[in-house]
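> no sequence on this one, just coordinates:
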């Protein structure tokens, strides 16, 4: 009887450990997903902004270059 009780207790302990580890992993995964989404949006905005700046600079250079050449 003592042996069976001990086995049951060990099973319960192992099950609890597994569940707590699973919960921790789920929390970690969800936080990583959340932060990666935020980072992705930030990088997207930064990329669009930098693209805009580069295009604007090229446009200004070309535009003023053409204006100067025409005079």
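Thanks, I have it. The structure presented is a predicted model; accordingly, all values stated were derived computationally and were not measured. Numbering: from 1, shown residues only.
> tell me what the helix or strand where residue 24 lies is packed against?
Assigned by DSSP states H and E, residue 24 belongs to helix 2-70. Of the remaining helices and strands, none touches helix 2-70 by 3 or more Cβ pairs under 8 Å, 6 or more residues apart in numbering; DSSP states H and E. Placement of C-beta: from N, CA and C, glycine included.
> Can you get me the centre-to-centre distance for it and its chain?
Chain-centre distance of helix 2-70: 0 Å, with Cα atoms, centre = their mean, to the nearest Å.
> same deal with stretch 54-71?
Counting by Cα atoms, centre = their mean, stretch 54-71 is centred 39 Å from the centre of its parent chain.
> Mean confidence (pLDDT) on that stretch, please.
Average pLDDT, stretch 54-71: 81.
> which of the residues in that stretch are buried?
Neighbour-count burial for stretch 54-71, counted by 16 or more other Cβ atoms under 10 Å, picks out no residue.
> Can we start the residue count at 884 from this point?
All set: I'll call the first residue 884, so the last point we hit is now stretch 937-954.
> Can you give me the distance of the most centrally placed residue in the chain to residue 912?
Nearest to the geometric centre of the chain sits residue 919, at 0.8 Å (Cα atoms, centre = their mean). Taking Cβ to Cβ, to the nearest Å as the measure, residue 919 falls 10 Å from residue 912.
> what's the answer for residue 937, then?
Distance of residue 937 to residue 912, computed by Cβ to Cβ: 36 Å.
> returning to that earlier point: who's in contact with the residue nearest to the centre of the chain?
Not one residue lies near residue 919 by Cβ atoms under 8 Å, 6 or more residues apart in numbering.
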